[in-house]
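J.: Provide a 3D model corresponding to the input given below.
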Amino acid sequence: MQSQSNNWFGLPKMLFWGYIAVAVFMSGDGFEMAFLSKHITDLGFTPAQSALVFTVYGLAAAIAAWSSGVVAEIITPQKAMKIGFCVWVVMHVLFMELGLGLKNFPMMLLFYGIRGLAYPLFIYSFVMLIVQTVPKHQVSSAMGWFWAMYSIGIGCIGSYLPSFSIPYMGERGTLWFAIAWVIVGGLIAMFCLRNVGAESEKAKLTTKEKITELTRAVTILYTNKNIFLACLIRIINTISLFGFAVIMPMLFVGRLDFTMSEWLQIWAVFFFVTIFTNVMWGVLGEYIGWMRQVRWFGCVGCAISSLAFYYLPVTFGHNFWIAVIPAVMFGITVAAFVPMTAVFPALEPHHKGAAISIYNLSAGLSNFVAPAIASVALPFVDIVGVVWIYTGLYLFAGVLTLIIKVDQPARLSVSERKDAERYGDALDPV
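T.: Purely as a prediction, here's the structure:
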């Protein structure tokens, strides 16, 4: 049990090095995002083959994200993180040597695909450790810090550092450099988290019982209506984020005469803002109320921000600073969904791993659904129509928040918590 003095602005002290591990690990994992597809085509493979490599990787990552919550619960998060770390390093070496090194396409598919299982197992197992360790009423702020570290890793360091390393060591050297970051992040987690938290009761189940628990990552969707509705909300949460990455370059660069550099800078502003707003909304959710914050600042806020992302630049034309405004707005509002991570296990307190697995699944589905909507709708309703579809989905999610019933624990004052701990009546971790 944590007391108020055991966290810094919602960051649990006992998990501090775990957050650092996530940031460092995801920095290495993100190195390749900006150039690997081009590097594969430069080796002589077709764009379709390059896309297939990433498709297989994405499918593996989605499967790992879906199952990671339950896996972490039944073998302990620390063991799951260790497995994810080891799989990443081994598969990356094999991918570099036998795949890229030999220009062997089947080996590239095999080893890069298996590596796709690794990062979700590492980072989402840490989410499970947060849920198991942090008191229920502080999970929202703790998850705000998690997503902030994730953004720092893959969105900032992982995106920008290769722009400096590639001129000095080349693309291949940068891919090898990524291993150093992943190893550092993995070792931090292995040595600094080994004595954190207590072993879950699920880790003591028999093999047959563990398999049964693993199936709950599927069955819970129709046995718990609130989990299903929360899943829909989480899918909609980042639908504009993934969708705008597809359609907005067409608008900004193709029609409004922004340069690609200007568009990328506008998009980078969004990611930079989320570093701070993830933490901010994680803490505020404890005071405002989880679902109230998601409804008004997340759903309604993202609906307004989505429209602004289209109409402000269309109205004012090629004006960089006007275009930055909706990027900042979107960075503020999309992070207001942070408390959803606390909502899922609260809706299914006896099967937290399965609940977190569904949360992870919905996050992955958002990455798939958003561009799918764009690709289907663009020929019929153009960019503005897609923006309105996304806006309508956010408003629909707002309605769903009125249906979900979740008990959010009260936030105790320092004196109340001391009294609760003195008499053994403190809130248990979720």
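J.: pLDDT score for the closest residue in space to Cys299 that isn't next to it in sequence?
T.: What sits nearest to Cys299 in space, not counting adjacent residues and going by Cβ to Cβ, 6 or more residues apart in numbering, is Gly398, at 3.5 Å. C-beta coordinates here come from the backbone N, C-alpha and C atoms, glycine included. With respect to pLDDT, Gly398 has a value of 97.
J.: what is the longest helix along the chain packed up against?
T.: Secondary structure of the chain per DSSP state H: the longest helix is helix 352-403. Judged by 3 or more Cβ pairs under 8 Å, 6 or more residues apart in numbering; DSSP states H and E, helix 352-403 is in contact with helix 47-75, helix 118-133, helix 207-223, helix 225-237, helix 239-252, helix 301-316, helix 340-347.
J.: can I get those in a markdown table with mean pLDDT?
T.: Conversion of the helices and strands packed on helix 352-403 to a markdown table gives the following (pLDDT from 0 to 100):
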| stretch | mean pLDDT |
| --- | --- |
| helix 47-75 | 83 |
| helix 118-133 | 91 |
| helix 207-223 | 77 |
| helix 225-237 | 95 |
| helix 239-252 | 86 |
| helix 301-316 | 97 |
| helix 340-347 | 91 |
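J.: of all those helices, which one comes closest to Asn7?
T.: Of all the helices and strands packed on helix 352-403, it is helix 118-133 that lies closest to Asn7, at 11.3 Å by Cβ to Cβ.
J.: taking helix 340-347 as reference, get the angle to that closest one.
T.: Counting by axes from the mean of the first three to the mean of the last three Cα atoms, to 10 degrees, helix 118-133 lies at 60 degrees to helix 340-347.
J.: counting contacts, what elements does helix 118-133 pack onto?
T.: Using 3+ Cβ pairs under 8 Å, 6+ apart, the elements in contact with helix 118-133 are helix 16-30, helix 47-75, helix 77-94, helix 139-150, helix 158-192, helix 340-347, helix 352-403.
J.: now with 10 Å?
T.: strand 11-12, helix 16-30, helix 47-75, helix 77-94, helix 139-150, helix 158-192, helix 340-347, helix 352-403 (3 or more Cβ pairs under 10 Å, 6 or more residues apart in numbering; DSSP states H and E).
J.: mind putting the ones you listed in CSV, distance to Ile220 included?
T.: Output for the helices and strands packed on helix 118-133, formatted as CSV (distance: least, Cβ to Cβ, whole Å):
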stretch, distance to Ile220
strand 11-12, 27
helix 16-30, 26
helix 47-75, 10
helix 77-94, 19
helix 139-150, 19
helix 158-192, 28
helix 340-347, 9
helix 352-403, 5
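J.: so for Arg292, which of the ones you listed sits nearest?
T.: Among the helices and strands packed on helix 118-133, helix 352-403 comes nearest to Arg292, with 8.1 Å by Cβ to Cβ.
J.: following the strand or helix carrying Ile275, which helix or strand comes up?
T.: Using DSSP states H and E, Ile275 maps to helix 260-288. Next helix or strand after helix 260-288 toward the C-terminus (DSSP H and E): helix 290-293.
J.: and that next one, which residues are buried?
T.: Going by neighbour count (16 or more other Cβ atoms under 10 Å), the buried part of helix 290-293 is Trp290, Met291, Gln293.
J.: and if you look at stretch 90-102?
T.: Neighbour counts over stretch 90-102 (16+ other Cβ under 10 Å) mark Met91, His92, Leu94, Phe95, Met96, Gly99, Leu100 as buried.
J.: could those residues be laid out in a markdown table, adding distance to Phe146 and pLDDT?
T.: As requested, those are exported to a markdown table (distance: Cβ to Cβ, whole Å; pLDDT from 0 to 100):
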| residue | distance to Phe146 | pLDDT |
| --- | --- | --- |
| Met91 | 24 | 97 |
| His92 | 23 | 97 |
| Leu94 | 30 | 97 |
| Phe95 | 27 | 97 |
| Met96 | 29 | 96 |
| Gly99 | 31 | 95 |
| Leu100 | 32 | 94 |
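J.: of the helices and strands packed on helix 118-133, which shows the lowest average pLDDT?
T.: Between the helices and strands packed on helix 118-133, the one with the least mean pLDDT is helix 47-75; it has a mean of 83.
J.: packing partners for that helix?
T.: For helix 47-75, the packing partners by 3+ Cβ pairs under 10 Å, 6+ apart come out as helix 36-42, helix 77-94, helix 105-115, helix 118-133, helix 207-223, helix 352-403.
J.: picking up where we left off before, nearest to Met108, of the helices and strands packed on helix 118-133?
T.: Closest of the helices and strands packed on helix 118-133 to Met108 is helix 47-75, at 5.7 Å (criterion: Cβ to Cβ).
J.: distance check, Thr401 against Ser357.
T.: Distance of Thr401 to Ser357, computed by Cβ to Cβ, to the nearest Å: 22 Å.
J.: more neighbours: which of the two?
T.: The neighbour comparison of Thr401 against Ser357 (other Cβ atoms under 10 Å) goes to Ser357, with 28 against 22.
J.: the closest residue to that one other than its chain neighbours: how many residues sit nearby?
T.: Among residues not flanking Ser357 along the chain, Gly69 sits closest, at 3.6 Å (Cβ to Cβ, 6+ apart). If you count neighbours by other Cβ under 10 Å, Gly69 ends up with 32.
J.: quick check: Gly69 vs Met149, distance?
T.: Remark: distance between Gly69 and Met149 (Cβ to Cβ) = 19 Å.
J.: mind listing what Tyr310 touches?
T.: Tyr310 sits next to Phe244, Ile247, Met248, Leu251, Pro326, Ile383, Val384, Val386, Val387, Trp388, Tyr390, Thr391 when contact means Cβ atoms under 10 Å, 6 or more residues apart in numbering.
J.: narrow those residues to those that are buried.
T.: The neighbour-count criterion (16+ other Cβ under 10 Å) marks Phe244, Ile247, Met248, Leu251, Pro326, Ile383, Val386, Val387, Trp388, Tyr390, Thr391 among the contacts of Tyr310 as buried.
J.: re earlier: chain center to the helix holding Ile275, what's the gap?
T.: Relative to the chain's own centre, helix 260-288 is displaced by 13 Å; criterion: Cα atoms, centre = their mean, to the nearest Å.
J.: give the buried residues for it.
T.: 262-264, 266-267, 269-275, 277-286, 288.
J.: what is it packed up against?
T.: If contacts are counted by 3+ Cβ pairs under 10 Å, 6+ apart, helix 260-288 sits against strand 11-12, helix 139-150, helix 158-192, helix 239-252, helix 290-293, helix 301-316, helix 320-334, helix 340-347.
J.: tell me how this protein divides into domains.
T.: Taking automatic domain parsing as the domain assignment, the ranges for the chain are 1-204, 219-430.
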